[in-house]
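Chemist: Curious how this folds, go ahead:
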Amino acid sequence: MGTGHPAAKQIDFLSETGIVAGYPDGTFRPDEKVTRSEFATMAIRSLSQQHAKVDHPMEFTDISPDYWAYDSIKKALYFELITADTDFFRPDDEVSRAEALTVAANALADKKLNFTNTRFTDAQSQESATRAEVVLILYDMIEQVRTNPNAKIAKAQTKKTGEGFAINSATVQGNVGTLPAGTVLPIAMVTYISSQISTTGDTYEAQVPYNYVTKDKYILISKNSWLKGQLADAQPGRWFIRNGVLVLDNSLITTVNDQRAQLDALGEVKKYRNGFMNFVRTVFKGEALDVTPGSVVYVRLRKPLKVDLTNGWILED
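Modeler: Next comes the predicted model:
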């Protein structure tokens, strides 16, 4: 956005954070109007709750589950940004300044939005809000909700904690936890695999056996998330030739939020024996590898993994 517009700074900020978007021709069109559905979606994104998992009934008869903004409107109801005082939401109507300001104020504990950037002289106007005006309202809301969120938003913005498998190398910045490349993770196999019968390319499924947590017990990945990959290498053990080989190439994770994301990790199945047996197996070879369902094996991350610690959402580039 050009620096000449009064809302240029706020438009640039909300654009860079993915809350609002310009048009394909590279323009923002600050004087265009905004629908009620579009504003509800922008408000939920402004609060970083687009990935929140909420169980709330849709109370509007003019919104169906296949409507593009259904999820955002449901979350706006849950977080008490809007109320269901009528049967109709009017999703395609233009949002007024008064409606937009009410939504922003409802995000705050005291329901009072200070007009730091907005500075409307006619805050209760039912005139349709422009895209630039909406940006100013949301920018004020973002700044003030940091220290004054309503109860439901405050709870949703709290990092989740629990017991589990501690990853001491994980870092935390704000609400984002990062598992660095090289992190070793235990996984519990669901699929039976064997060096004697499995072949390279066979797929497998596994689960996260315990919460992966930071040293401060913030939950990174929740227990029972599903993992999927394939065998990068599978070779049978043969006497005097080689021990069995099983190499796991993990590619996907389905979290307890039903998010399907990339989890790129590699692991080799090994048997751990005492020194004498290691010597015997090294000399004579031939050991078979059998991994039964429930067995825990280890994989190593090949890429960092970033997670929103408030809701467990994996943040992908």
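Chemist: The stretch 51-200 of the chain: helices as residue ranges?
Modeler: Here the stretch 51-200 of the chain has its helices, by DSSP state H, counting those that start in this stretch, at 70-78, 97-106, 131-145, 151-156.
Chemist: Which residues does the third one contact?
Modeler: This points to helix 131-145. With contact meaning Cβ atoms under 8 Å, 6 or more residues apart in numbering, helix 131-145 is reached by 5-7, 10-11, 13-14, 19-20, 28-34, 39, 42-43, 46-47, 95, 97, 100-101, 104, 107-108, 113-120, 129, 153. Any C-beta I mention is one placed from the backbone N, CA and C, and that applies to glycine too.
Chemist: picking up where we left off before, residue 231 is nearest to which of the helices of the stretch 51-200 of the chain?
Modeler: Residue 231 lies closest to helix 70-78 among the helices of the stretch 51-200 of the chain, at 37.0 Å (Cβ to Cβ).
Chemist: What's opposite the nearest residue to residue 51 once chain neighbours are set aside in the beta bridge?
Modeler: Nearest residue to residue 51 in three dimensions, chain neighbours excluded: residue 313, at 3.8 Å (Cβ to Cβ, 6 or more residues apart in numbering). Residue 313 has the following beta-bridge partners by DSSP bridges: residue 308.
Chemist: show me what contacts residue 313?
Modeler: Contacts of residue 313 by Cβ under 8 Å, 6+ apart are 51, 255, 257, 259, 307.
Chemist: which residues does the first one contact?
Modeler: Under the criterion of Cβ under 8 Å, 6+ apart, the neighbours of residue 51 are 257, 259, 308, 311, 313.
Chemist: I'd like those laid out as CSV, including pLDDT.
Modeler: Compiled in CSV, those are given as follows (pLDDT from 0 to 100):
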residue, pLDDT
257, 90
259, 94
308, 96
311, 94
313, 95
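Chemist: So which of these is the closest to residue 189?
Modeler: residue 259 (21.8 Å).
Chemist: can you pull the contacts of residue 236?
Modeler: Counting by Cβ under 8 Å, 6+ apart, residue 236 touches 195-196, 244, 288.
Chemist: at 10 Å what do you get?
Modeler: Contacts for residue 236 (Cβ atoms under 10 Å, 6 or more residues apart in numbering) come out as 194-199, 242-245, 286, 288-289.
Chemist: which non-adjacent residue is nearest it?
Modeler: Using Cβ to Cβ, 6+ apart, the closest residue to residue 236 is residue 196 (4.8 Å).
Chemist: hmm, back to that, tell me which of the contacts of residue 236 fall in strands.
Modeler: 194, 245 (DSSP state E).
Chemist: where's the dip in pLDDT among the contacts of residue 236?
Modeler: Of all those, residue 286 carries the smallest pLDDT score, 55.
Chemist: coming back round to it: can I get the buried part of the contacts of helix 131-145 as one ChimeraX selection?
Modeler: In ChimeraX, a selection of the buried entries from the contacts of helix 131-145 looks like this (16 or more other Cβ atoms under 10 Å):
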select :7,10,11,13,14,19,20,28,30,33,34,39,42,43,46,47,95,97,100,101,104,107,108,113,117,118,120,129,153
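Chemist: ok so, going back, check the contacts of residue 51 against residue 204 and report the nearest one.
Modeler: residue 259 (20.2 Å).
Chemist: From residue 52, how far off is the closest one?
Modeler: 12 Å (Cβ to Cβ, to the nearest Å).
Chemist: okay, those two: which has more neighbours?
Modeler: residue 52 (21 against 16; other Cβ atoms under 10 Å).
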